[in-house]
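1. Quick one, fold the following:
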Amino acid sequence: MADLKNGDPVRPDVSGATGSATADSNAQTPPKRAAHATAPNGASQAHHATEPASSRGARQYLVAARPQTGFAPSNPDAVGMMLQQMEDVEIVRRLRPKGFRGLGAGVVPGASEIFVVRMDERRAEALRQSALGQVVVEPNARLFAGSATLATPLASPWAALAAPTPSLGRELRFRVVGSGDQPLSGAGVTVFGRGSCAQGVTDSSGTAGVALFDAEADLEDVRAVYVQPAANHWECFALQPALAFDEANVVRLKPIFPAGAHAAGEPHADWARRMMHLDRPLDGATAKSTGSGIRIGLLGSGCDHDHLLLRHITSGTDLTGAQNGARNWTRDEIGQGTHCAGVIAGSGGSEPAVQGIAPGAEIHVFKLAPGGRFSDLIEALDQCIERQIDIVHLGVGADQVSELVAQKIAEARLAGVACIAAAGDGGGAVQFPGMAPGVLSVAAVGRLGEFPADTHHAWTAVPELTGAAGVFATNFSGAGPQLGVCAPGVAVISAVPGGGMAARDGTAVAAAHVAGFAAVVLAHHPLFRGAYRARDEQRVRALFELILGSAAPPVLDLARVGAGLPDLHRVPGLGASDAERWDRGVGNLGAFAYATPQDGFGDRFAGVPPPAYLTGAMALIQLRAAGLI
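-> Now for the predicted structure:
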């Protein structure tokens, strides 16, 4: 048990040496990730410093002809010729469609060539005005990926400001240890004060120094301390801790897997898989489903395939523009991609073993963060279409909306690519692209009793939205009518870069559970070996309807959980005989695909079964989740 407790003294330890590493941060960013996050920004600044003076005030934009349904395709070279004639516009890149063409360029959304250009804001606005709605001009915004750490209500108001003051105050020393008082290196230590926070990272001796950003700061000004280990231990979050300036403050972290808790090779009893009935064979099956034969695109922060759980993942590409991109996809600075890969397809290699949901699936990694933009997301989706990827896990988000990305998602769906997206970790509305038409957006839920009380996981719960089984809605998850379903996204144990396991939060983690769930359904449901074998939109629609049909809301707030938590044993027709499938109404599944496309982008949602096939509350749940009421 950690010595650092809420309101309790931290045990002094004079034997600890001091390793100093401070950094300014905000309350939403975990210590270790924040240290890595500064590297791309620094690289970007160095790059722009070499640009011509005329381009230093410019930004990147996406420019493309807007599809006009019902009209003949415009000259594909017209936009390019126009841009080339503008002296103050630099064409950085051209994105030509790959793979699926559908009805032809200019008709199918996303089929037009897209230009990445650099220009100033005034030129961009002038181009919009002169194009009269026939040309899309939008910022090529940055993408981000990351797991939720501290909820906004907890962080505010005393941790909302993180700007350093002119002078540094006294230094607090910490020593972080695990079982047997073994020092833990690479652990992030964040100290929250009244108007700022400071960070340190432990060295090989498990020690770190954190200098407060206030020369007049006293111990009473420390409001909280958050310690996040690199792997294999639970984190610790303490409010109003009693600290000491003159001695090392010892923090003892609990191991995630206590010694002797599991026999060698025995699977970890993961609560998330139990809740979704992914831990046992399907009805009538003698072996667990593996998702074999399904291709999954992992769009996020990369994947450390040297991890024992992930060595079977060999296909990936780095689209962030970094050097040596062919191999840089294996470098995961954020950790989210590796963690999600373990949830979806982790396979053997650890004690106790942590098995992924669909270890037999073929994973294709596309690194988009840190440093990626909308143009890179479009390129990744194009490659998914070209490679005939079945399921895409969208673990990236943006603060802006992109019409061209939405068009590419619609094109992917027409090609039979099912996009499953994180709802976002900001605690507000569903983020983009999770709110784009045609995707299945996933919120995160947690469960009481699955983590120690002195972790930040406990602060993610919305107390008034806790169900009878202890499942709760989270205060960080995106919410709104665009939500499709929810899934476990709090204290989920999976792989992390560098080896080992860690418990992480986030809607990307929740989306990974649904992506693995979808792979099992797609691989083993008889519908996808018969009526919905063809790679088209009807296949995606049927898959999403089966997932929705299996879901039940764990709490009574559908804006936070959508249709609810999917249950593999509730999927109609999965593992049952032909007669049983017909009795359950699966023979009429084709009648469910009735939703009307909107604005050329496809459905607002996946399509929901019409009320004739549902009863009472379930009909309301499905219609509310689809945003139709």
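2. how close does Val343 sit to Leu143?
-> 20 Å (C-beta to C-beta, to the nearest Å). From N, CA and C alone the C-beta is placed, and that goes for glycine too.
3. wait, I meant Ile363
-> In terms of C-beta to C-beta, Ile363 sits 20 Å off from Leu143.
4. One more: Gly397?
-> Taking C-beta to C-beta, one finds Gly397 at 7 Å from Leu143.
5. now Thr320
-> When Thr320 is compared with Leu143 (using C-beta to C-beta), they lie 9 Å apart.
6. any common contacting residues for the two?
-> Both Thr320 and Leu143 are contacted by Leu368, Ala369, Gly372, Asp376, under the criterion C-beta atoms under 8 Å, 6 or more residues apart in numbering.
7. Can you get me a residue count around Arg142?
-> If you count neighbours by other C-beta atoms under 10 Å, Arg142 ends up with 19.
8. ugh, wrong one, I meant Leu308
-> By other C-beta under 10 Å, the residues close to Leu308 number 16.
9. could you measure the residue nearest to Glu113 when sequence neighbours are not counted against Lys408, distance?
-> Here the nearest residue to Glu113 in space, its sequence neighbours aside, is Arg96; by C-beta to C-beta, 6 or more residues apart in numbering that works out to 5.3 Å. Distance from Arg96 to Lys408, counting by C-beta to C-beta: 12 Å.
10. and what of Leu522?
-> 21 Å.
11. quick one: which of these two has more around it?
-> Taking neighbours as other C-beta under 10 Å, Leu522 and Lys408 compare with Lys408 leading, 29 against 26.
12. Can you name the residues that contact Pro229?
-> Val176, Gly178, Leu184, Gly186, Ala187, Glu235, Leu253, Ala502.
13. And these, which of them are buried?
-> Neighbour counting with 16 or more other C-beta atoms under 10 Å marks Val176, Gly178, Leu184, Gly186, Ala187, Glu235, Leu253, Ala502 as buried within the contacts of Pro229.
14. that older thread, mind telling me the two of the shared contacts of Thr320 and Leu143 farthest from one another?
-> Spatial extent of those (C-beta to C-beta) is set by the pair Ala369 and Asp376 at 9.1 Å.
15. Identify the contacts common to those two.
-> Common contacts of Ala369 and Asp376, defined by C-beta under 8 Å, 6+ apart, comprise Leu143, Thr320.
16. quick one: which of these two has more around it?
-> Ala369 (29 against 26).
17. Assign the more buried one to helix, strand or coil.
-> Here Ala369 is recorded as coil under DSSP: H, G, I helix; E, B strand; the rest coil.
18. Walk me through the domains of this structure.
-> 12-30+147-252, 55-139, 271-625 (automatic domain parsing).
19. In terms of mean pLDDT, which of those domains ranks lowest?
-> Per-stretch mean pLDDT for these is lowest at domain 12-30+147-252 (a mean of 73).
20. Checking Ser375 next. Helix, strand or coil?
-> Here Ser375 is helix, with the state taken from three-state DSSP.
21. I'd assumed Ala141 was in contact with it.
-> No - when contacts are counted by C-beta atoms under 8 Å, Ser375 is not listed as touching Ala141 (9.7 Å).
22. These two: who's more crowded?
-> Neighbours were counted for Ser375 and for Ala141 using other C-beta under 10 Å; Ser375 has more, 25 against 21.
23. for that one, what are its contacts?
-> Going by C-beta under 8 Å, 6+ apart, the list of residues near Ser375 reads Gln60, Leu62, Arg93, Leu95, Ile114, Val116, Asn140.
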